[in-house]
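>>> okay, sequence plus prediction incoming.
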Amino acid sequence: MNRYIGYFITGLLFVVPLAVSLWTVYLLYTFIDGLIPIPIPGIGFLLVILIITTIGFFFKKFSIASSVLGIETIIKKVPLLNLVYSSVQDLMSSLVGSKKKFDKPVLVRMNNNLMKPGFVTAEDLSNNGLSGFSSVYFPHSYNFSGNIFLVNRKHIKSVKSSTAEVMKYIVSGGVSGSIKV
C-alpha cells in the first residue's frame, strides 16, 4: 500500500505544478484575449509571454521574492502543498536558478559495456558514511523524471560538454546534443 501512496505522491509532484502552471497561463491567455477588441491571431499568446517575462524581470531585478515570503510561509504550513511546492521550487532552482545544481555533467560506468550520462549533485558523501561515493542524478529521456544513484567515484568520468548540451542529449534520448569526453 505504501508503494502506491508513493506512486500517487510522485504523480502529484509532476501533475499538480504542471496543471497549475498550464491553467494559470490559459486563464491569463483567455482574459487578455478577451480584452483585445480586434482579433489578431497570436497576440494573446505573445502578451502572455510578455507578461510572464516582465514578472520574472521584476522578481529578479527588484528582489520582490521577499514580499512573496508571506505567501510562501502559508504554503509551507499546508502539508501536501508544502511537499509539492518545495519540491518544484528546488527542482526549478537547480535547473534554471542562480543556484544551479546540475552543473557537473558526467558519464558513469555501469558495467564493462555500459555508460550512463548524468549530473553529480553531491561530490562527497563521506559525512553520510559513504566514503568514496558521490550522488549522481540520471534524468530520464522524454520525461520530467529521473533517478538518483550513489556511485563509487572511480566509476564517474567528467565530460567536456556543457550542462545544457548533456541534458539535451539525455532528454532527447540521444537524438539531439552530444557528449564530449
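Cool, got the structure.
>>> would you map the strands across this protein?
105-111, 114-122, 133-139, 146-152, 156-158 (DSSP state E).
>>> buried sites along the last one?
By neighbour count, with 16 or more other CB atoms under 10 Å as the criterion, the buried positions of strand 156-158 are Ile156. All C-beta spots, glycine's among them, are computed from the backbone N, C-alpha and C.
>>> mean confidence for it?
Throughout strand 156-158, pLDDT has a mean value of 89.
>>> the third one now?
Mean pLDDT, strand 133-139: 86.
>>> quick one: closest of the strands of the chain to Val166.
Nearest to Val166, of all these, is strand 105-111, at 3.8 Å by CB to CB.
>>> okay, now the sheet partners of that closest one, with direction.
Sheet pairing here is set by DSSP bridges, and for strand 105-111 it gives strand 114-122 (antiparallel), strand 156-158 (antiparallel).
>>> still on that earlier bit, of all the strands of the chain, which lies closest to Leu35?
strand 133-139 (39.5 Å).
>>> tell me what the longest helix along the chain is packed against?
Ranked by residue count under DSSP state H, the longest helix found in the chain is helix 2-35. Packing partners of helix 2-35 (3 or more CB pairs under 8 Å, 6 or more residues apart in numbering; DSSP states H and E): helix 43-62, helix 79-96.
>>> and these, which one averages the lowest pLDDT?
helix 79-96 (a mean of 65).
>>> want to throw the strands paired with strand 105-111 into CSV with distance to Phe31?
Shown next, in CSV, are the strands paired with strand 105-111 (distance: least, CB to CB, whole Å):
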stretch, distance to Phe31
strand 114-122, 39
strand 156-158, 48
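>>> winner for burial among these?
strand 114-122 (a mean of 18; mean count of other CB atoms under 10 Å).
>>> quick one: mean pLDDT for the longest helix of the chain?
74.
>>> just want the angle from that helix to helix 43-62.
If you take axes from the mean of the first three to the mean of the last three CA atoms, to 10 degrees, helix 2-35 sits at 110 degrees to helix 43-62.
>>> that older thread, and the strands paired with strand 105-111, which one's lowest on average pLDDT?
Comparing mean pLDDT across the strands paired with strand 105-111, the weakest is strand 114-122, with a mean of 86.
>>> pull the residues that contact it.
The contact list for strand 114-122 (CB atoms under 8 Å, 6 or more residues apart in numbering) reads 94, 101-110, 134-139, 148-149, 156-157, 159, 163, 166-167, 169-170, 179.
>>> drop anything exposed from these.
Using 16+ other CB under 10 Å as the burial test, the contacts of strand 114-122 include 94, 101-102, 104-108, 134-139, 149, 156, 159, 163, 166-167, 169-170, 179 as buried.
>>> centre of the chain versus stretch 30-47, how much separation?
Centroid separation for stretch 30-47 versus its chain: 30 Å, with CA atoms, centre = their mean, to the nearest Å.
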